[in-house]
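Student: after the sequence you'll find the predicted model.
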Amino acid sequence: MPGKLEHGTLVGETALTDPDKWYRVYEELSEGERYDWIIGTLDRTLDPDFFEKLSFADYIFELADRKNPEKYAELIHKLRHHRDFYREEFQYFENELAAYHLFLDEVSDAEESLRYYMGAPVQGIDQLIWLMKLLVYYGKTDLAIECARQTYQEIEASPELIGGAEEPFADLIFMCRFQQAYLRIKNGQGVDWRAVQEELERYDIAMDDEILERNRAAMERPSTGDEILCDGPFNSENGPGVFARDNMWTFVKQMLDRKQMDFPLGEAIWAGAFQFLLQRKARKRPVLTWGEWFEFSERELDAYLARMVGGFLSTRQTEAFAVLWGMAYVYDFLLERGVISDKLHINALQRIARVKSKIRDVYQDELWKYAFVDRWQASDYAGRESMQTEDDEDDNLDLNDIEDDDYDPDFYDTDRDEVFSNPFFGAPLQEHDGSCSAKVKQKKKKARKEAKKQRKRNRR
C-alpha cells in the first residue's frame, strides 16, 4: 500500500477506471489518506459512470469533517467540476457549503450555492426550504425572498411534490410584504391594501375583507408597549391559539424596531415558542391563569428539543437553536406586557440558559453551523437569569399530572417515556455524530438512492 498521498497523486491509474479497484485502495487507507485519495480522484477527468457505479457521494459524506468544515468545502468545490455527476447530486452538498459561507459572512459565495437550488428547486426542495430558513436566521432575507418569488410557481405546479410544498415560500412572501407595508406606515406613507391583497392572491394567499382589515389594523396600530394582549379569561374561546394569532404582529414589529430582525425571523421565533408551548401538556389545575399557562419545566424543553433534532435525516437542528435562543425574546415581551410575573420570567430565562449550555455541549464540534444566534442582538434582560427567585419548582413539576387535550400525535409519534429518555441531553445522538453507525449510514445511502431513482422515473 502507498505511503502518504499528496493531492493529485493516485496509486494505480487503473483504479480510476475500475470502481472495485478504487474501493479496495480506499478501504485500506487511513482517514487522512482517504481525504487525499478523494481529492486526487476529483482532480482527474473521469467518466460519469465511474461516480455512479461507486456511489461516490457516500464517500464524500463519510469524510465530512464538521470540526474542519474548510476541508469539506474544498471537496465540494472540486466536486462541482464534474458537472454531469454534480447535476444529479448537488442538493446533498450545497446546503452545507452555503452554511459554511454564511458562517464566514461570505454572502456572495452562499448566494452561489442558493443559485443551484433556484435552478432546480423541485430536485432539492427539502434542502432549499432549510437553506431559506438559514438565510432568514442570518438576516439575509432579501436573498430568501428573491428565491421564493422566482421558484414559487415551479414548486406549486410540480406533480413530483406533495401538496403544500410551496407553503413555506408563500409564508415568507406574506411576511415580507407586510413588513414593507409597516415600514411605509412608519415613514408616513400610504399603503394600497387592495394591491397587497391582489399580490398575495398570486401566491394562493387568500384574505377576505375581515382578515385584511384585521391585519391592516395591526400594522397601523402604534406600539405603545402597554397593549392589552389577553382581554378575557383563559378558556376554550380565548385560548393560546387565539393569543398567539392576535399578538404575533405586535411581537414582530417590536423585534424589527428594537433588534432589527425582519418580520420572517420574528414570526419564526414567535411561532417556534408557541409550537413548544402548545404541544407541551398543560398541568391539571382547577383554574389556569395566563401566567400559569406560560410556565414550563426544563424537562419539557429538553424533551421537545430532543424530538425536534431526532431522526437520521433531520435538518431541524438549526431550527432548534433558533427556537431556543429566540424564546428569551418572547418571554421578555410577555413580561413587559404584564402577562407573566418577574419570578416566572427569571425562572424561564434560567431554564433556557441551562438548556443552551447542554445543547452547546452536544454540538460543540459543529457550533459554526449555528453561529447566527451569536449575531442576534442581546435580549433586553440579558443576564437576568443569574438572579435568584424565592423558589424554583422546576424539578418538582409532575409531568404525569397532565391534560391530553393538546396532545399532538403527529409530533409525538413515539412513546412518551422514549421521548424523555432520548439521549440528546447526556450524549450526542449517534445520528448527529460524525462517526455515526454503519446502520445509519446505510439508511442515508438508501434514502439518497431512492430519491435519485424517483427523479429518473419522473423524467420519463
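Tutor: Structure received.

Student: residue closest to the middle of this structure?
Tutor: residue 319 (3.2 Å; C-alpha atoms, centre = their mean).

Student: who touches it in this structure?
Tutor: The contact partners of residue 319, by C-beta atoms under 8 Å, 6 or more residues apart in numbering, come to 133, 272, 308. Glycine gets a C-beta too; all of them are placed from N, C-alpha and C.

Student: below-threshold pLDDT in the stretch 301-450 of the chain: ranges please.
Tutor: Applying pLDDT under 70 to the stretch 301-450 of the chain flags the ranges 311-315, 388-450.

Student: one more time with 80
Tutor: 310-315, 385-450 (pLDDT under 80).

Student: and stretch 199-212, what's buried?
Tutor: Neighbour counts over stretch 199-212 (16 or more other C-beta atoms under 10 Å) mark 200, 203, 207 as buried.

Student: pick the one among those residues closest to residue 64.
Tutor: residue 203 (35.7 Å; C-beta to C-beta).

Student: what about the closest one, distance to residue 153?
Tutor: Noted for residue 203: a distance of 9 Å to residue 153, by C-beta to C-beta, to the nearest Å.

Student: repeat for residue 91
Tutor: Separation of residue 91 from residue 153 (C-beta to C-beta): 20 Å.

Student: between those two, which has more neighbouring residues?
Tutor: When residue 91 and residue 153 are compared for neighbours, residue 91 comes out ahead with 21 against 14, by other C-beta atoms under 10 Å.

Student: which residues touch the closest residue to residue 94 other than its chain neighbours?
Tutor: Once flanking residues are discounted, residue 94 sits nearest to residue 113: 4.2 Å by C-beta to C-beta, 6 or more residues apart in numbering. By C-beta under 8 Å, 6+ apart, residue 113 lies in contact with 94, 95, 97, 98, 101, 131.

Student: give me the element residue 113 is part of.
Tutor: helix 107-119 (DSSP states H and E).

Student: mind giving me the packing neighbours of the helix or strand that that helix is followed by?
Tutor: Per DSSP H and E, helix 107-119 leads on to helix 125-137 as the next helix or strand towards the C-terminus. The contact analysis (3 or more C-beta pairs under 8 Å, 6 or more residues apart in numbering; DSSP states H and E) places helix 125-137 against helix 94-103, helix 107-119, helix 141-157, helix 167-186, helix 263-279, helix 317-336.

Student: what's next to helix 125-137, contact-wise?
Tutor: 91-92, 94-95, 98-99, 102, 110, 113-114, 117, 121, 141, 143-144, 147-148, 151, 155, 161, 165, 168-169, 172, 262, 264-265, 268, 315, 318-319, 322, 372-373.

Student: just the buried ones out of those, please.
Tutor: Buried among the contacts of helix 125-137 (16+ other C-beta under 10 Å): 91-92, 94-95, 98-99, 102, 110, 113-114, 117, 121, 141, 143-144, 147-148, 151, 155, 165, 168-169, 172, 262, 264-265, 268, 315, 318-319, 322, 372.

Student: confidence score at residue 288?
Tutor: With respect to pLDDT, residue 288 scores 69.

Student: one more: the one 5 residues further on?
Tutor: Residue 293 is assigned 86 on the pLDDT scale.

Student: wait, it sits on residue 240?
Tutor: Yes - in this structure, residue 293 is within contact of residue 240 by C-beta atoms under 8 Å, at 6.5 Å.

Student: more neighbours: which of these two?
Tutor: Neighbour tally, residue 293 and residue 240, criterion other C-beta under 10 Å: the higher count belongs to residue 293, 20 against 17.

Student: from residue 339, how far off is the more buried one?
Tutor: 9 Å.
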